[in-house]
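Asker: quick one, fold the following:
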Amino acid sequence: MGQAKLKPDERDMGLDVSSALDVISEHAAEGRKERQVPKKVVEAIRDTGFYRSFLPKQYGGLECRPNEIFKAAIDMAERDMATSWISGIIAVHAYQLSLMDPQAAKDVYATGPDTLVSSSYNPAGAKVETVEGGFNFSGRWGWSSGSAHCDWVLLGGLIFDQGQENIHYRTFLLPRSDYEIEDTWNAMGLQATGSNDIVIDKPVFVPEYRTHHQIDGFMRKHYQENPMYSIPWAQMFVRVVCTPAIGAAKHALKLFISNATESSTDPTRLAGDPDVTRRVAEVANLIDETEAIMYRNFDQLMHYVENDIDIPMEDRIKYRYQASLVIERMIKAVDLLFDVAGGRSVYNGSPIQDIWHDIHIARAHVANNPIGFARNWGAVQLGGENTDFFV
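Answerer: Predicted coordinates:
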């Protein structure tokens with residue numbers, strides 16, 4: 001992979017992905033058909049510096065502020081949700097690497113700052129054995145979005161063999177030579193994410209320094225000078241699997257308005273339909289409220305860490321819950337439009353139907369199920385103990 005076309009003196013000028021947006025639009029249908037975001041699109045996004053946005057400057061990264069990054073993700077999702085989905089997931093791994101033993105990031109970025117990393121964090125299929133200096137590691141993991149474009153992977157695993165009191169979750173970092181990608185991704189939405197399986201049939205050795213303890217992420221342990229890296233790892237990761245839905249819903253609203261005003265022989269007819277006008281207003285407001293809450297939460301997180309203030313646990317739990325609501329709110333928004341989008345929307349290939357499928361599939365991600373997070377936040381407000389260590 002080549003390196004992003006950014007000069008050193010441009011690194012603090014803000015994150016601008018506009019040069020990639022038309023490329024994303026032009027290849028969205030191809031990506032859906034091939035079940036993979038095209039390489040040309042990944043390269044166009046790489047050239048904007050987006051994949052460097054979470055990466056510390058010491059490795060050639062940009063250290064962009066969170067709201068810059070997520071604004072760019074929304075802009076990309078307005079063109080194609082799947083492209084934004086894999087781009088955010090790939091980019092955010094640089095943040096997790098910045099929290100690990102520094103040797104891990106040195107290994108990954110030894111060939112340059114544009115090295116891409118995929119992931120699959122569900123530990124259900126992992127087999128872990130503790131050995132001298134690290135672990136023997138094997139298994140199968142699903143949903144590794146964008147993995148075909150990546151040279152490394154982060155995989156979840158549970159360690160059971162260090163005593164009953166030491167059972168814990170870690171993330172394991174492995175190079176492309178240690179695993180295979182199996183083509184399993186045949187889905188009804190987000191087809192272009194290429195979220196295939198990662199397979200390690202025979203155990204491979206993972207050194208201790210290439211692992212990340214879940215508790216270290218919870219305790220905000222990191223090795224960087226920038227206080228931004230004191231934001232809990234979970235608060236960054238969960239946004240990359242919900243934020244694209246905001247852009248997708250914006251896209252659906254634009255499509256609906258365009259179809260309503262350009263496809264009718266009487267463009268003013270729908271403007272006089274009280275049900276349609278109510279739906280358009282409600283959708284626009286849902287999008288606006290949701291986007292505003294996400295930006296506000298990151299503004300508050302940045303205020304805490306830049307002023308060396310410990311982030312209140314109740315706020316961390318609240319932010320986690322509110323992130324989990326994004327998909328449900330955007331599903332509601334798109335459903336309001338799709339219900340009255342007209343006969344052509346039922347045919348395969350309808351752009352608004354594609355968005356409908358993408359957003360509903362995104363709800364299947366465990367981070368986008370608000371039930372447990374709601375219970376935790378409610379219980380804590382009533383004096384209970386926090387039960388979630390991914391906040």
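
Asker: buried ones in the helix or strand encompassing residue 23?
Answerer: Taking DSSP states H and E as the definition, residue 23 sits inside helix 18-34. Within helix 18-34, the residues scored as buried using 16 or more other Cβ atoms under 10 Å are 20-21, 23-25, 27-28, 31-32. Yep, even glycine has a C-beta here, placed from its N, CA and C like the rest.

Asker: show me where the stretch 201-350 of the chain has its strands.
Answerer: 211-213 (DSSP state E, counting those that start in this stretch).

Asker: flag the shaky bits of it, pLDDT-wise.
Answerer: For the stretch 201-350 of the chain, residues meeting the criterion pLDDT under 70 lie at 263-269.

Asker: do the same with the stretch 51-200 of the chain
Answerer: Checking the stretch 51-200 of the chain against pLDDT under 70 turns up 163-164.

Asker: how are the helices of it distributed by residue range?
Answerer: Ranges of helices within the stretch 51-200 of the chain are 66-77, 81-99, 102-108, based on DSSP state H, counting those that start in this stretch.

Asker: so what does the last one touch, helix or strand wise?
Answerer: Packed against helix 102-108 by the contact rule (3 or more Cβ pairs under 8 Å, 6 or more residues apart in numbering; DSSP states H and E) you find helix 81-99, strand 168-175.

Asker: single out the most deeply packed of the ones you listed.
Answerer: Among the helices and strands packed on helix 102-108, ranked by average contacts under mean count of other Cβ atoms under 10 Å, first place goes to helix 81-99 (a mean of 28).

Asker: spit out the contact partners of the spatially most central residue of the chain.
Answerer: Compute the mean C-alpha point of the chain, and by Cα atoms, centre = their mean the closest residue is residue 240, 2.2 Å away. Taking Cβ atoms under 8 Å, 6 or more residues apart in numbering, we find residue 240 in contact with 73, 85, 88-89, 91-92.

Asker: swap the cut-off to 10 Å and go again
Answerer: 54, 69-70, 73, 84-93, 95, 145, 323, 367 (Cβ atoms under 10 Å, 6 or more residues apart in numbering).

Asker: before we move on, what about residue 15?
Answerer: 48-50, 52-53, 62, 64-65, 67-73, 75.

Asker: what about the helix holding residue 23, average pLDDT?
Answerer: Helix 18-34 carries an average pLDDT of 98.

Asker: so which bits of the following helix or strand past that helix are buried?
Answerer: Toward the C-terminus, helix 18-34 is succeeded by helix 39-48 as the next helix or strand (DSSP H and E). Buried positions in helix 39-48, judged by neighbour count with 16+ other Cβ under 10 Å: 41-48.

Asker: likewise stretch 247-265?
Answerer: For stretch 247-265, by 16+ other Cβ under 10 Å, it's 247-253, 255-256, 259-260.

Asker: walk me through the domains of this protein.
Answerer: Listed domain ranges for the chain are 8-111, 117-213, 241-381 (source: automatic domain parsing).

Asker: let me see the contact set for the spatially closest residue to residue 330 that is not a sequence neighbour.
Answerer: Nearest residue to residue 330 in three dimensions, chain neighbours excluded: residue 245, at 3.9 Å (Cβ to Cβ, 6 or more residues apart in numbering). Residue 245 is in contact with 74, 77, 81, 84-85, 287, 290, 326-331, 333-334, 355, 358-359, 362-363, 368, counting by Cβ under 10 Å, 6+ apart.

Asker: repeat for residue 140
Answerer: Here residue 140 is in contact with 120, 124-127, 155, 179-180, 182, 184, 197-201 (Cβ under 10 Å, 6+ apart).

Asker: which of those count as buried?
Answerer: For those, buried by 16+ other Cβ under 10 Å: 120, 125-127, 155, 179, 197-198, 200.

Asker: which one of those residues is nearest residue 100?
Answerer: residue 155 (13.6 Å; Cβ to Cβ).

Asker: which residue sits closest to the closest one, ignoring its sequence neighbours?
Answerer: Using Cβ to Cβ, 6+ apart, the closest residue to residue 155 is residue 172 (5.0 Å).

Asker: who does the one you found bridge with?
Answerer: Per DSSP bridges, the residues bridged to residue 172 are residue 155, residue 211.

Asker: against residue 272, how distant is it?
Answerer: 59 Å (Cβ to Cβ, to the nearest Å).

Asker: what do you get for residue 243?
Answerer: Distance of residue 243 to residue 272, given as Cβ to Cβ: 35 Å.

Asker: ok, the residue lying closest to residue 175 once chain neighbours are set aside - how many residues close by?
Answerer: The shortest distance from residue 175 to any non-neighbouring residue, by Cβ to Cβ, 6+ apart, is to residue 152 (5.6 Å). Residue 152 is flanked by 23 other residues according to other Cβ atoms under 10 Å.

Asker: isn't residue 152 right up against residue 174?
Answerer: Yes - counting by Cβ atoms under 10 Å, residue 174 is a contact partner of residue 152 at 6.7 Å.

Asker: can you pull up the bridge partners for residue 137?
Answerer: residue 128, residue 204.

Asker: residue contacts, it?
Answerer: Contacts of residue 137 (Cβ under 10 Å, 6+ apart): 126-129, 131, 155, 157, 170, 172, 174, 178-179, 200, 203-206, 210-211.
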